[in-house]
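> Quick one: sequence and predicted model below, then my questions.
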Amino acid sequence: MNHTQDLLDDLINQARPFAIKGKVADYIPALSDQDPTDLAICIYSLDNTSFYSGDYMKKFTLQSISKVITLALVLMDYGEEKVFSKVGMEPTGDPFNSIAKLETHKPSKPLNPMINAGALAVTNMIKGDTVIEKWDRLLEFICHLTGEKVSYNEDVAYSELQTANLNRSLCYFMKQHGVITGNVEDLLVLYTKQCAVEMNCVDLAKIGAVFANDGIDLETGRQVISRDVARICKTFMVTCGMYNSSGEFAIKVGIPAKSGVSGGIMGSVPGKCGIGVFGPALDEIGNSSGGLKLLEMLSTKYSWSIF
Ligand code: DON
């Protein structure tokens, strides 16, 4: 039996007790159906080999992990100057859905693209004349990154759209201050579909591997994300990817990573591999409890901290 495979099986067993300590997100009603005992991991190496263990076939929605992908697309379309005129580069100690800094921080643009306000401003910039055109463009980009035909979970998207009143407030606030333009409901339709894009941890690890490989597709050798944009995205993953526990994560794990409230975490170990983790039971910050434990043990075992 391969050493990496044995290690992943062992880590899954060790992390299971930590996974069930958390709680499945329920502020998006459709997410509350998830099984809190699920736990899965995949490592996708830059030589195009992968190892996976646990409930690796289970599909989950990307939620906030999608924010990194949209940022990459929009940065490639418009360049840094335009994108960062609408969204900042600084971490925030506030929860991911907070509105507080929009009012107290001047100019009143969102602090970074990994919090909800910043992500909504970035999604607002996706090229296209209609929601459908923008959505098709985003989905095509995600399919390029995974090399698979991916789609979205309609129930989760609809469930979030019905209940997204905090995000609605963020949008109206930003519209008033000229950070976003256009119809707020259209933006929410697009954003909730983006967050509901669905895949398993193997697909997710593959996207992480593209970032780890400086934006070069592992199979075709094509530059699907520019090197500079891949670097910017990984930097945001380090400084803001795990929300208001990004500092603790940097110390304990030290891998560029992005979490989502469905329980997914995408990791990207520069020059080595992508990691996809799934465990829907979350800690109080909104990060996967079992996923955090898995990444901490894995990074320690292989000395993968970039610091
Ligand atoms: O906008 C929201 O609240 C969700 N669609 C995504 C939030 C999220 O994943 C935060 N992650 N930890």
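Cool, got the structure.

> all contacts plus neighbour counts: C-alpha atoms, from now on.
Will do.

> and residue 200, what does it touch?
Contact analysis of residue 200 by CA atoms under 8 Å, 6 or more residues apart in numbering lists 56, 57, 58, 59, 60.

> make it 10 Å
40-42, 55-62, 150, 264, 276-278 (CA atoms under 10 Å, 6 or more residues apart in numbering).

> Are any of these buried, and if so which?
40-42, 55-56, 59-62, 150, 264, 276-278 (16 or more other CA atoms under 10 Å).

> residue closest to the middle of the chain?
By CA atoms, centre = their mean, the chain has its centre lying nearest to residue 65, at 1.1 Å.

> got a list of what that one touches?
If a contact means CA under 10 Å, 6+ apart, then residue 65 has 114, 194-195, 197, 204, 237, 241-242, 257-266 as its contacts.

> Give me the distance between residue 136 and residue 66.
Separation of residue 136 from residue 66 (CA to CA, to the nearest Å): 15 Å.

> the more surrounded of those two?
More neighbours surround residue 66 than the other of residue 136 and residue 66, with 22 against 13 (other CA atoms under 10 Å).

> that older thread, and of the buried ones among the contacts of residue 200, the nearest to residue 48?
Nearest to residue 48 among the buried ones among the contacts of residue 200 is residue 42, at 12.4 Å by CA to CA.

> For that closest one, give the beta-bridge partners.
Taking DSSP bridges as the rule, residue 42 bridges to residue 52, residue 276.

> Go ahead and confirm it touches residue 11.
No: contact criterion CA atoms under 10 Å: residue 42 and residue 11 do not qualify, at 11.6 Å.

> intersection of neighbour lists for those two?
5, 53, 54.

> Report pLDDT for residue 104.
We have a pLDDT of 86 for residue 104.

> Equivalent analysis for residue 251, please.
98.

> give me the number of residues near it?
12.

> Could you confirm whether the strand or helix carrying it reaches the ligand?
In this structure, residue 251 is located in helix 246-252 according to DSSP states H and E. No: judged by CA under 6 Å from any ligand atom, helix 246-252 and the ligand are separated, with a smallest distance of 11.2 Å.

> what's around the closest residue to the ligand within the stretch 51-200 of the chain, how many residues?
The ligand sits closest to residue 64 of the stretch 51-200 of the chain, with a gap of 3.6 Å, by CA to the nearest ligand atom. Close neighbours of residue 64, defined as other CA under 10 Å, add up to 26.

> Many thanks, I have nothing further to ask.
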